[in-house]
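# predicted model and sequence follow; I will ask about them next.
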Amino acid sequence: MSEQFVIDAIPVELRRNRRRRTRIGIDFDPAGVVVLDAPVATTFEEVEAIVAEHGRWIRYRLQKVREATAHLGRVRYQEGDIVQYLGRNLTLRVSAEDGSAVFLEGKRLCVAALDAADARSKVRGWYQSEAEVVFAAALDRWRDLPWLAGRLPAWRHSFMRTQWGSCSEMGRVSLNTHLVKTPLKLIDYVVLHELCHLEYLNHGKRFYGLMTRYLPAWRVRRKDLDKFMPLLLEE
Ligand SMILES: [Zn+2]
């Protein structure tokens, strides 16, 4: 259950949590929303009171969260833009020479392009070919999972806006090409998540039991991945 409010220009999401008894927990979503983890019976007045009481600190933290993710999801494909690759910031170098090459040079991603639209299509093409290699290696790292019996599933990748990965009932794994912009350990986490769906299609207790057995820190990874959510909006 989650409800959304705006209180004093602060976007607030209230999540009622059966396991919470008294205190209200305050967290910050990478999108710049205050998330209140609250007991089920929490009233709107209590929500208002807690936002008023911690208002200065909440505004400060929201500002920090927005700064931390401001560079994500806003690539214009122009000279000097910051783009992501495996969790690293790369500076885009766009040269007008006609050519098709995109290459990595230290912390620079160099692209020969005539304009932003050309640079965009070439950089996206580069991400696609990198994703092909990086995801294949990530899948291979999990090859020994017992239920796979040594056989990796059919998989594909594409730019998606709402999810990092999915697994069909037929056992076909889809990964989001944008994932190649995030650190390897987060790619490994998403791949394991999808591979666990080959054993349990839903997100039940057994599914998470499997995740915990093979990646005890998966919750930390999931939280880290949330910070990269603005990437999903990158064109
Ligand atoms: Zn899932």
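Sure thing, it's come through. Fair warning: this is a prediction, and the values are worked out from it, not measured in the lab.
# quick one: the strands in this structure, in order.
2-7, 10-16, 25-29, 33-38, 82-85, 88-95, 102-105, 108-112, 155-158, 165-167, 173-176 (DSSP state E).
# closest to residue 187 out of those strands?
Residue 187 sits nearest to strand 173-176 of all those, at 8.2 Å, using CB to CB. From N, CA and C alone the C-beta is placed, and that goes for glycine too.
# still on that earlier bit, just the strands of the chain: most buried one?
Ranked by mean neighbour count, those are led by strand 173-176 with a mean of 22 (mean count of other CB atoms under 10 Å).
# give me the domain ranges for this structure.
The chain is divided into the following domains under automatic domain parsing: 2-69, 82-233.
# picking that back up, how about the strands of the chain in JSON lines, adding mean pLDDT and distance to residue 121?
Output for these, formatted as JSON lines (pLDDT from 0 to 100; distance: least, CB to CB, whole Å):
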{"stretch": "strand 2-7", "mean pLDDT": "86", "distance to residue 121": "37"}
{"stretch": "strand 10-16", "mean pLDDT": "90", "distance to residue 121": "35"}
{"stretch": "strand 25-29", "mean pLDDT": "86", "distance to residue 121": "32"}
{"stretch": "strand 33-38", "mean pLDDT": "90", "distance to residue 121": "33"}
{"stretch": "strand 82-85", "mean pLDDT": "93", "distance to residue 121": "14"}
{"stretch": "strand 88-95", "mean pLDDT": "93", "distance to residue 121": "12"}
{"stretch": "strand 102-105", "mean pLDDT": "92", "distance to residue 121": "10"}
{"stretch": "strand 108-112", "mean pLDDT": "95", "distance to residue 121": "10"}
{"stretch": "strand 155-158", "mean pLDDT": "98", "distance to residue 121": "15"}
{"stretch": "strand 165-167", "mean pLDDT": "94", "distance to residue 121": "24"}
{"stretch": "strand 173-176", "mean pLDDT": "97", "distance to residue 121": "18"}
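# nearest to residue 183, of those?
Across those, residue 183 has its closest neighbour in strand 88-95 (8.4 Å, CB to CB).
# so what angle separates the directions of the closest one and strand 108-112?
30 degrees (axes from the mean of the first three to the mean of the last three CA atoms, to 10 degrees).
# partners of strand 88-95, with directions?
Strands that pair with strand 88-95, judged by DSSP bridges, come out as strand 82-85 (antiparallel), strand 108-112 (parallel).
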